[in-house]
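Asks: Coordinates for the following, if possible.
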Amino acid sequence: MGIPSDEVVQIQHPDAADDPTVVTVSCSDKTGLGCDLCRVVLLFGLNILKGDMSTDGRWCYIVLWVVPRRRGRGPMAWDLLKERLVELCPAAAPFGFDSSYLEPDDLAPAAPQVFLLKFCCFDRMGLLHDVTRVLCEMELTIRRVKVSTTPDGRLMDLFFITDARELLHTKNRREEAYERLKSVLGDSVTSCEIDSATEDMSSCIQASALLSPHVLEQMFDIDLIEGQLSHSRSNSCLSVTMDNSLSPVHTLIQIQCVDHKGLLYDIMRTLKDCSIQISYGRFYAGQKGRCELDLFAVQSDGKKILDQQKQRTLCSRLRMELLRPLRVALVDRGPDMELLVANPVEVSGKGRPLVFYDITLALKNLHKRIFLAEIGRHVVDDREWEVYRVHLGEHDHELSCLARSKIVDGVMNMLMGWD
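Replies: Prediction:
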């Protein structure tokens, strides 16, 4: 199934260019490890074609067959991927010791230092995506953003970012960032600065406008969304069932669905948030975009999922996360059109990776300029959502229904990997 080795993470490259790369993880187990690993794989732009995972509660073994989502995007940073995966794996305990005493699951990691990137330059089509791409390539995570365009065509951007390499406080790292940014901003840049963000700065940027009742209904009303999806191809192919008769100690969760970008991450994220633990699982993505999963699971207390209400609630939650892991809407906001994209935030506080990257890329491909953008978090029905708000300009409010649908479909297809 994988590669026997003493290394925590191993990456085996294929002999043929079109074959998948095999990523093997063998380490001490911890709650939510599968979700965290799938999140990093998604962040590095990889699709999971097949996966096997097993654990006895102390040691886990995970094998993923992965391929890059898009060809021609430059060389894949496999060594960096391995480094990031190793960082997620708990340290192995000495023989005879329980690793759970060494690294408690509820021990929160230290919050990363936040920096404020400020720059001003003349706007052009696709500029915001080019800046976002540079930040992603440098492992600079966008936590908050305020983007605005002045009447004279200047772009004024505020990015609150963190550095996965924890080096942005150094002169060399900042100079590297300046050079990379100036290569896409061009000669029109008038200023570009990176400073440590103060608490006052963070509180100002976190203040986000409230969502209107119409937007809340359009994006978060479950009955409305299910009605919209009732005749979709994804819904007709979706099946989520539970069976307690095949194992004396596990509940079997079987899923059949249409593939999308980050599918395995969405499933593992949902199970992690619902305190469901996977003892053994197998995932397979077919050639026609159909996926099948068999997951042997238990509750956080180690028992099967026997309560009928819990089963119905979990199945319903999984169905919704598979059909609509992200919500996209295009609404009127005064004379402007506003694009809204929402994704659920993990209980741990992590948002979905690369959402802003995909939004800006989709709008660039659609030749749509961004006049104002912001990222904020909102609590809806006891769940936290990360909401991206993008103003498309004062001249787009007269768009036809067909043109509006093209924007919504273009952004959704990019986010779901159907582009």
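Asks: tell me the contacts of Ser275?
Replies: 299-300 (Cβ atoms under 8 Å, 6 or more residues apart in numbering). Using the backbone N, CA and C atoms, a C-beta is placed for each residue, glycine as well.
Asks: Distance-wise, check it relative to Gln308.
Replies: 18 Å (Cβ to Cβ, to the nearest Å).
Asks: for Pro20, same thing?
Replies: 39 Å.
Asks: again with Ile225
Replies: 24 Å.
Asks: the more surrounded of the two?
Replies: Ile225 (17 against 9; other Cβ atoms under 10 Å).
Asks: is it fair to say the more buried one lies in a helix?
Replies: Yes. Using DSSP: H, G, I helix; E, B strand; the rest coil, the assignment for Ile225 is a helix.
Asks: Could I get the contacting residues of it?
Replies: Neighbours of Ile225 in contact, by Cβ under 8 Å, 6+ apart: 320, 323-324, 327.
Asks: what are the ranges of the strands in the stretch 151-300 of the chain?
Replies: 154-163, 191-196, 239-243, 251-258, 276-285, 290-299 (DSSP state E, counting those that start in this stretch).
Asks: Mind checking what helix or strand follows the helix or strand of the chain with the lowest mean pLDDT in sequence?
Replies: Within the chain, no helix or strand scores below helix 99-102, which has a mean of 48 by mean pLDDT, DSSP states H and E. Downstream of helix 99-102, the first helix or strand assigned by DSSP states H and E is strand 115-122.
Asks: Helices along the chain, start to end?
Replies: With helices called from DSSP state H, the chain shows them at 33-43, 78-88, 99-102, 127-137, 171-185, 199-206, 213-220, 222-229, 233-236, 263-273, 308-323, 355-365, 401-416.
Asks: who wins for proximity to Val66 among those helices?
Replies: helix 33-43 (6.2 Å; Cβ to Cβ).
Asks: Who are the packing partners of the closest one?
Replies: Using 3 or more Cβ pairs under 8 Å, 6 or more residues apart in numbering; DSSP states H and E as the contact test, the elements touching helix 33-43 are strand 21-28, strand 46-55, strand 59-68, helix 78-88, helix 263-273.
Asks: Please name the nearest non-neighbouring residue to the residue nearest in space to the middle of the chain.
Replies: Nearest to the mean C-alpha position of the chain, counting by Cα atoms, centre = their mean, stands Arg352 at 2.4 Å. Excluding the flanking residues, the one nearest Arg352 by Cβ to Cβ, 6 or more residues apart in numbering is Asn343, at 4.3 Å.
Asks: Ok, Tyr388 next?
Replies: Tyr388 sits nearest to Val341 (Cβ to Cβ, 6+ apart), 4.4 Å away.
Asks: and the one you found, what pLDDT?
Replies: Note for Val341: predicted pLDDT of 96.
Asks: Could you do Met125 as well?
Replies: On the pLDDT scale, Met125 gets 86.
Asks: Include distance to Val145 when you put the helices of the chain into TSV, please.
Replies: Shown next, in TSV, are the helices of the chain (distance: least, Cβ to Cβ, whole Å):
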stretch	distance to Val145
helix 33-43	18
helix 78-88	23
helix 99-102	38
helix 127-137	9
helix 171-185	14
helix 199-206	8
helix 213-220	19
helix 222-229	27
helix 233-236	30
helix 263-273	22
helix 308-323	25
helix 355-365	7
helix 401-416	17
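Asks: residue ranges with poor pLDDT in the stretch 1-150 of the chain?
Replies: 1-6, 70-74, 92-109 (pLDDT under 70).
Asks: Per-residue pLDDT of the residue nearest to the centre of the chain, please?
Replies: pLDDT, Arg352: 94.
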